[in-house]
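1. Below is the structure, and that's it, no one-letter string:
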């Protein structure tokens with residue numbers, strides 16, 4: 001079994017992307033003390049506030065508005081954000097951006113995803129594209145690779161296996177390598193060994209089925 005990181009060692013050698021992942025997971029798991037600690041580390045590292053803001057903003061897709069409101073309120077205690085990045089109220093552009101971004105993640109499986117979701121909820125199928133991939137994942141401030149890595153962290157913590165598998169694929173095809181993804185999952189051991197074990201289980205399944213050798 002891969003060893004998990006301990007809290008007292010986390011600051012010294014994790015990457016900034018791993019730190020963003022820990023901030024995101026702290027938010028969705030309502031670990032407010034850890035969230036504050038990670039925000040302090042981020043401030044000391046001079047991590048761009050815009051990246052942290054975007055990381056926390058997108059958690060509302062997974063943990064809901066109440067969780068995002070709390071975490072962004074805490075964020076505002078440590079950082080000031082001057083630049084606005086408000087999504088324009090242009091439905092057709094948002095939908096087009098959403099379809100484009102969703103295809104970058106699901107590839108040839110995009111049509112199947114939309115068809116399957118429409119089968120049990122046409123509304124949710126449309127919101128998936130517009131709300132998730134259009135309004136949120138197509139925003140500036142984080143690259144799609146970074147957003148997908150954060151999705152991997154959050155979905156590991158929440159233990160949604162099918163969605164996690166899809167976003168491992170999305171992260172990989174958008175530039176994340178297995179070493180990076182392994183580092184993200186390992187860092188989640190701070191919260192629980194079962195979280196990192198779950199993440200590695202799904203990642204190993206992904207590697208095996210995709211026959212990835214590096």
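-> Perfect, thanks for sending it. Owing to the predicted nature of the structure, the values given are computational and were not obtained by experimental measurement.
2. quick one, phi/psi of the residue of the chain most remote from its centre?
-> Residue farthest from the centre of the chain, counting by Cα atoms, centre = their mean, is residue 119 at 26.3 Å. Note on residue 119: backbone dihedrals following degrees, to the nearest 10 are phi -60, psi -30.
3. cool, and residue 212?
-> Main-chain torsions, residue 212, degrees, to the nearest 10: phi -90, psi 130.
4. show me the contacts for it.
-> Contact analysis of residue 212 by Cβ atoms under 8 Å, 6 or more residues apart in numbering lists 172, 178, 206. Heads up, the C-betas are built off the backbone N, CA and C, glycines and all.
5. How confident is the prediction for it, by pLDDT?
-> Residue 212 carries a pLDDT value of 85.
6. Over to residue 115?
-> On the pLDDT scale, residue 115 gets 95.
7. Equivalent analysis for residue 13, please.
-> 76.
8. how many other residues sit next to it?
-> Per other Cβ atoms under 10 Å, the neighbour tally for residue 13 reads 9.
9. Same question for residue 57.
-> Residues near residue 57, counting by other Cβ under 10 Å: 19.
10. Please report the distance of it from residue 49.
-> 12 Å (Cβ to Cβ, to the nearest Å).
11. Also residue 76?
-> Residue 76 is 10 Å from residue 49, by Cβ to Cβ.
12. Which of the two has more residues huddled nearby?
-> Applying other Cβ under 10 Å to residue 76 and residue 49 shows that residue 49 carries more neighbours, namely 20 against 12.
13. hmm, back to that, using PyMOL, define a selection of the buried residues within the contacts of residue 212.
-> Command for PyMOL, covering only those of the contacts of residue 212 found buried under the criterion 16 or more other Cβ atoms under 10 Å:
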select buried, resi 172+178+206
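14. Make JSON lines out of the contacts of residue 212 and add pLDDT, secondary structure and distance to residue 97.
-> Shown next, in JSON lines, are the contacts of residue 212 (pLDDT from 0 to 100; DSSP: H, G, I helix; E, B strand; the rest coil; distance: Cβ to Cβ, whole Å):
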{"residue": "172", "pLDDT": "96", "secondary structure": "helix", "distance to residue 97": "22"}
{"residue": "178", "pLDDT": "96", "secondary structure": "helix", "distance to residue 97": "29"}
{"residue": "206", "pLDDT": "96", "secondary structure": "helix", "distance to residue 97": "26"}
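15. And the next helix or strand past the lowest-mean-pLDDT helix or strand in the chain?
-> When each helix and strand of the chain is scored by mean pLDDT, DSSP states H and E, helix 10-13 comes last, with a mean of 66. Later in the chain than helix 10-13, the nearest helix or strand by DSSP states H and E is helix 16-28.
16. Sounds good, over and out.
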